[in-house]
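In: 3D, please:
(2 chains)
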Amino acid sequence: MSHDSTRISPAPVLAPGTLGPEAHVMVGNADKFINWCRRSSLWYLLFATACCGIELMQAGASRYDLDRFGAVFRATPRQSDLMIVAGTITHKMAERLVRLYEQMPDPKYVISMGSCANTGGPFYKDSYCVVKGVDLLVPVDVYVPGCPPRPEALIDGIIKLQKIIDQKKNFAAKA
Amino acid sequence: MEPKEIFEKVQARFGEAAVELQEEGFRPAFLVVAPEKVREIGRFLRDDPAMKFDSLMCLSGVDYPDRFAVAYHLHSLAIGHRIGVKVYLPKEAPSLPSVDEVWPAANFQEREAFDLFGIVFEGSWDLRRILLPEDWEGHPLRKDYKYPEFYHGIKV
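Out: I've put the predicted structure just below:
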């Protein structure tokens, strides 16, 4: 049996300056491209320590479907770009949180979800064991208020984070 | 069994170690017993065929202005009655025998009382902090506890 019929015919010769169907070249802004890649695959580390974790699961499940923004959960920090701190962080947990954050590859982002992670929430006054805000431990990009925030609020936070990533300049000249 | 009968039974067996019966305003009624006898009394309450207190529902520490207390809530699944046992301890170096060989469930609760009140349970098979980090200083549920300013460089 001859294979000739299945062969792709050679590309037609085009006049210089014209783009044919075989031309796999796209000219654009590298910053925009890299930022588009990064914001479209925000895999997040599951870090659910309190009731915010329930809303986080809800946001990831089929009704709110966080996957459509490219955000899927990972159970290991090695594969994560984003840490969603969903819940109360105690001083005992703080050490583990910082270790997990340090294990994430760069570039990495943090969303502080809910009152407890933002400020200590209901434990702000008179608590010896709760860290008064996760920003005392790791740099936070987006704060999502609420106790706990609804999935819509978390999705809004992720979209805000995508807008932040969109503005990053990866090739800016060093001052 | 009525609390009065239980108290009389314990008193008949242990004499002075059964200090008093607190009935008014308490539910269940509490037997106040001497700290050094609490394990023997616990075993007696568990094994006596008329009482059979086989379940330790709760073990709590209490910080009163002048003394500490440990309260045990007992329930009998076989008979369906319940009773409390209470032990008063001095403010200085509170300690009493552990009951974890009578009710193994006591271990976690004793660790919690040790962690938050600093009450030492002698003879416990594993007395460590359970909620706070191992290197935490002080016992936070004591009334005279002073909050630390920093823990591992993080503001408390």
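In: what residues does chain B have near chain A?
Out: Residues of chain B lying close to chain A by CB under 8 Å from any CB of the partner chain are B:131-133, B:140, B:145, B:147-148, B:151-152, B:154-156. Yep, even glycine has a C-beta here, placed from its N, CA and C like the rest.
In: which two of the residues you listed have the greatest separation?
Out: B:131 and B:155 (20.2 Å; CB to CB).
In: mind checking which residue lies nearest the centre of chain A?
Out: Residue closest to the average C-alpha location in chain A (CA atoms, centre = their mean): residue A:42, at 3.0 Å.
In: is it true that residue A:95 touches residue B:151?
Out: No. At 10.1 Å, residue A:95 does not count as touching residue B:151 under the criterion of CB atoms under 8 Å.
In: more neighbours: the two, which one.
Out: residue B:151 (20 against 14; other CB atoms under 10 Å in any protein chain shown).
In: list the buried ones in the longest helix along chain A?
Out: As assigned by DSSP state H, the longest helix anywhere in chain A is helix A:151-166. Buried positions in helix A:151-166, judged by neighbour count with 16 or more other CB atoms under 10 Å in any protein chain shown: A:151, A:153-155, A:157-158, A:161-162, A:165.
In: just those now: which is nearest residue A:61?
Out: Nearest to residue A:61 among those is residue A:151, at 8.7 Å by CB to CB.
In: element containing residue B:112, please.
Out: Assigned by DSSP states H and E, residue B:112 belongs to helix B:106-117.
In: quick one: average pLDDT of the helix or strand following that helix?
Out: Scanning forward in sequence from helix B:106-117 by DSSP H and E, the next helix or strand is strand B:120-122. Averaged across strand B:120-122, the pLDDT comes to 91.
In: likewise for stretch A:161-168?
Out: The average pLDDT within stretch A:161-168 is 90.
In: what segments of chain A are helices?
Out: A:30-39, A:52-60, A:91-103, A:114-119, A:151-166.
In: TSV for these, including distance to chain B?
Out: As requested, the helices of chain A are exported to TSV (distance: least, CB to the nearest CB, whole Å):
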stretch	distance to chain B
helix A:30-39	30
helix A:52-60	20
helix A:91-103	5
helix A:114-119	12
helix A:151-166	24
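In: which one of those helices lies nearest to residue B:111?
Out: Nearest of the helices of chain A (CB to CB): helix A:91-103, 14.5 Å.
In: give the buried residues for that closest one.
Out: A:91-94, A:97, A:100-101.
In: touching it from outside, list them.
Out: Helix A:91-103 is contacted from outside by A:45, A:47, A:49, A:77-78, A:83, A:85, A:89, A:108, A:110, A:129-131, A:134, A:137-138, B:131-133, B:151-152, B:154, B:156, using CB atoms under 8 Å, 6 or more residues apart in numbering or on different chains.
In: most distant residue from the centre of chain B?
Out: Distance to centre of chain B, CA atoms, centre = their mean, peaks at residue B:153 (35.2 Å).
In: so residue B:73, which state does it fall into?
Out: Classification of residue B:73 using DSSP: H, G, I helix; E, B strand; the rest coil returns strand.
In: next up, the contacts around it.
Out: The contact partners of residue B:73, taken as CB under 8 Å, 6+ apart, are B:28, B:56-60, B:82, B:84.
In: report pLDDT for residue A:141.
Out: pLDDT, residue A:141: 93.
In: wait, it touches residue A:113, no?
Out: No. Assessed by CB under 8 Å, residue A:141 is found out of contact with residue A:113, at 11.8 Å.
In: neighbour count winner among those two?
Out: The residue with more neighbours, out of residue A:141 and residue A:113, is residue A:113; 31 against 16, by other CB under 10 Å.
In: all strands of chain B, in order?
Out: Taking DSSP state E, the strands of chain B run over residues B:18-22, B:30-33, B:55-63, B:68-75, B:82-89, B:95-97, B:120-122, B:150-151, B:154-155.
In: name the nearest residue to residue A:54, ignoring sequence neighbours.
Out: residue A:148 (7.2 Å; CB to CB, 6 or more residues apart in numbering or on different chains).
In: hmm, I was thinking of residue B:79
Out: Leaving aside its sequence neighbours, residue B:79 sits nearest to residue B:52 (CB to CB, 6+ apart; 5.5 Å).
In: just residue A:30 next, same as before
Out: residue A:171 (6.3 Å).
In: distance of the one you found from chain B?
Out: 36 Å (CB to the nearest CB, to the nearest Å).
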